[in-house]
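Student: A structural model of the following input is requested.
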Amino acid sequence: MMKKDLESITLRSVPLKVQVQPKKGAPEETKQKKHIQVEIKNEIGVLAGKFGWCINCRGQANLYCKDTRHPVCSFECKQKHINLLE
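Tutor: Presented below is the predicted three-dimensional model:
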């Protein structure tokens, strides 16, 4: 069972496209996103967010930039990251 769980962890923190799986016994229109929560800390002791750690401040990244596909924690960090790229 652990092998199956390990195979379902993706190497890419931000998906190229959203993968949805229908619930068992539910109609095809009702779909649910599959997300595996892991408890990993980075070098400063912050737990990983949904998409890992923010590319700017290394905080929990529960969001990502649609333009660059990089994980971010807030709109402010997204703007700082975009400004650095320009």
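Student: switch to C-alpha atoms for all contacts and neighbour counts from now on
Tutor: OK.
Student: which other residues reach the helix ranked longest in the chain?
Tutor: Ranked by residue count and defined by DSSP state H, the top helix of the chain is helix 75-85. Helix 75-85 is contacted by residues 54-57, 65, 72 when judged by Cα atoms under 8 Å, 6 or more residues apart in numbering.
Student: How about residues contacting stretch 51-66?
Tutor: Taking contacts as Cα under 8 Å, 6+ apart, the residues outside stretch 51-66 that touch it are 13-14, 42, 46-50, 70-74, 77-78, 80-81.
Student: let's see 10 Å
Tutor: 12-15, 37-38, 40-50, 69-82, 84 (Cα atoms under 10 Å, 6 or more residues apart in numbering).
Student: This structure: strands as residue ranges?
Tutor: 20-22, 31-33, 63-64, 71-72 (DSSP state E).
Student: which stretches of this protein form helices?
Tutor: Under DSSP H, the chain gives helices at 2-7, 75-85.
Student: re earlier: okay if I get the contacts of helix 75-85 as CSV plus neighbour count and pLDDT?
Tutor: Below are the contacts of helix 75-85 laid out as CSV (neighbours: other Cα atoms under 10 Å; pLDDT from 0 to 100):
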residue, neighbour count, pLDDT
C54, 23, 92
I55, 17, 92
N56, 19, 91
C57, 14, 93
C65, 18, 89
V72, 27, 94
